[in-house]
Structures are given as C-alpha cells and as structure tokens.
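Undergrad: Provided below for reference: sequence and predicted model.
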Amino acid sequence: MARDITVGAAQMGPISRGESRTEVVDRLLSLLETGAQRGCDLVVFPELTLTTFFPRWFLTDNVEIDRWFESEMPGPETKLLFDRAAELGVGFSLGYAEIFVDGDGIKHHYNTQILVERDGSVVGKYRKVHVPGHEHDEPDRPFQHLERYYFEPGPSGFEVWNAFGGVIGMAICNDRRWSETYRVMGLQGVELILIGYNTPLHYSPDPQQNALAGFHNHLVMQSGAYQNGTYVVGVAKGGIEEGVDSLAQSVIIAPSGQIKAQCITTGDEIAIATLDLDYCDFYKNTLFDFDRYHQSQHFGLISQPREHKR
Ligand code: ING
C-alpha cells in the first residue's frame, strides 16, 4: 500500500514593499484553493512570504523594523489562511519573519517556517540556522542582503516531525546549500524536506556565480534528496521584486534526485506532484543504509588542514 501525499510547490511572484499582508494572503489563498482543487494534501509557500524581502534595506527604527515581523501565528491577517486551509482539509508550510519573546522576556527575531496539518493544528516550527548576507549597512551594494542584521540563527537546529503519514523536515533558503542540512535530517529518517527561498540572481561577493544561480539551486536540492533518500520541495519567491531579479524555478524532487515537477514562470504558480513516501526506502534500504554503511567517526579525522598545493 503506497503512502501517497500530494504536494503543491506554491511559488510566489514579487511582493512589493507597499503590498499589505491582506493582499498577500489573498494571493496565498488563491494558490491554496488551486492546490485543494487539484488534490493537494500539503501546500508549501516560500520563505518570508508575507511581505517583500525587507532585508534588502537597512532600517534603524525598531518600530519600523518590527512591522515586518509577526508576533503571533496565526495573526489577524493570516487567520484567514489557517481557517480556510482547515475547511479544505489541506495542510501548509509558510515562511515568515517571527518575533519570539522567551521566558526571560528577551525578544528574538527569527526567519521562520511553520508546518500546519490538514486539521489546522500546528505540527512544528523551524528557525533558519544558516543566516546569510551581511551584518552591517553596505550602501554601496546594488541591493543589500541584511539577514544577519535582522535575524539570529535558530537555536534548535534541524528537527523532523511525524505528520502527513510520513517524516517531514524543513529548511530555509541558504540552509539548502549546506550538506549538513540534509544529513542531520537524513539521520533522523526524513522522507520529505520543505524549503522556501528568496534568491537574487546577482551575488555581489562573486558575480561570476550569477550565471550558475539556477544550476546551483537545483544541484544542492537534488544532491541532498539523493544522498539522504528523501523528497525535497523547493519553493521560490521569484521575479523582479523592488528592482531585484530573483530566481524562481520552484521544484519537487524525488529521492532519486530526479525532478518530478517544476514551476515554469517567475510569478504565482503551483507545481503539484503525488509522492509515494515508501519510495524513499529504495534508497534508504540500499545505497544509503546509514546503519550499515555510514561511517560518521571519520568526520573528526581531518583536524589539521593539509598543505594546499597551488
Ligand atoms: N538567500 C540566498 C540563498 O542562499 C544568497 C543567499 C543571496 C545567495 C544572494 C545568492 C545570492 O539562496 C537567502 N535568503 O538565504
């Protein structure tokens, strides 16, 4: 008996700086409805998908900064999405900027992805570990990428949850470029990893990488999927947002590393595929049988870097 789950990669086109959360939620609802009509159990939305990618600007006023964050989830505008999803019996994963006040009253700012089951219950939350970009104002850049100024790294690392009949994990954007993201979840038996991303096509620190943005995007997710016997869903906020051209090419990848479905536009578009989670075992029980073949003790041996002969 196949353990099927139908997943929608709900790509978003540009969100302008002045667009309200209500207007954005209307667009999310439209993608959710389409996904529901086409049989989705789970719809995955991009990173920071409630607003424009605000780390492009260096803001100093704390009140203005916190306006880009959610202090509750669901909040007044997103409750509509939670309620409609539960009515439709469709789960979803949503990326947003989170303010969390801990037990000592300390306010934390995270880049967060949430997972919601088909009955509307919150399964879990992931807070981005690999926070890219720069910490300080760099006004000479064509556009800034101040995630390290706005967000602190998540404290919990990469967890997995039993949900939707399988083992589900989450990661956010730059996380997808680091092999440990997939391996840490792979060692926990993950079968489906959900990743939202906002990726400009121009990379200021090394512009020669610009032409490889699409190649690197799929390369890392296809490798992560194959080497850990898991499905990977990568969902973009793409198109030209506030003058910054961002990668789209949202994708649904099988444990074989093959692409099952892909968005072909740079706007609001949902790519859908039915995934048999039992298919993961073809890789988890053969090539990547960690209990049998994995040699993690070797990781610690490369303590002294070898002389790099140029
Ligand atoms: N974005 C980027 C990513 O890893 C980045 C970081 C910025 C890469 C610019 C390339 C160019 O896809 C996020 N949000 O992590």
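TA: Structure's in. What do you need?

Undergrad: buried stuff in the helix or strand hosting Tyr110?
TA: Using DSSP states H and E, Tyr110 sits within strand 107-116. Across strand 107-116, burial judged by 16 or more other Cβ atoms under 10 Å covers His109, Tyr110, Asn111, Thr112, Gln113, Ile114, Leu115, Val116. Placement of C-beta: from N, CA and C, glycine included.

Undergrad: ok, that strand: who's next to it in the sheet?
TA: Each strand paired with strand 107-116, and its direction, by DSSP bridges: strand 91-101 (antiparallel), strand 122-127 (antiparallel).

Undergrad: which one of those strands is the most hemmed in?
TA: Most buried of these, by mean neighbour count (mean count of other Cβ atoms under 10 Å): strand 91-101, with a mean of 22.

Undergrad: from the chain's centre, how far out does that strand sit?
TA: Relative to its chain's centre, strand 91-101 lies at 11 Å (Cα atoms, centre = their mean, to the nearest Å).

Undergrad: need the CA coordinates for it. CSV is fine.
TA: Extracted in CSV, the C-alpha atoms of strand 91-101 (Å, rounded to 0.1, in the frame of the first residue of the first chain):
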residue,chain,number,x,y,z
GLY,A,91,-2.0,21.4,5.3
PHE,A,92,0.5,24.0,4.5
SER,A,93,4.0,25.3,5.3
LEU,A,94,4.6,29.1,5.5
GLY,A,95,7.7,31.2,5.8
TYR,A,96,7.6,34.4,7.8
ALA,A,97,9.7,36.8,10.0
GLU,A,98,9.0,35.8,13.6
ILE,A,99,9.3,37.8,16.8
PHE,A,100,9.5,35.5,19.8
VAL,A,101,9.7,36.7,23.4
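
Undergrad: about what we covered before: from the buried residues of strand 107-116, which is closest to the ligand?
TA: Nearest to the ligand, judged by Cβ to the nearest ligand atom, of those is Asn111 at 7.7 Å.

Undergrad: could you give the bridge partners of the closest one?
TA: Bridge pairing for Asn111 (DSSP bridges) gives the partners Ala97.

Undergrad: pretty sure Ala9 contacts Ile252?
TA: Yes - between Ala9 and Ile252 there is a contact at 5.5 Å, judged by Cβ atoms under 8 Å.
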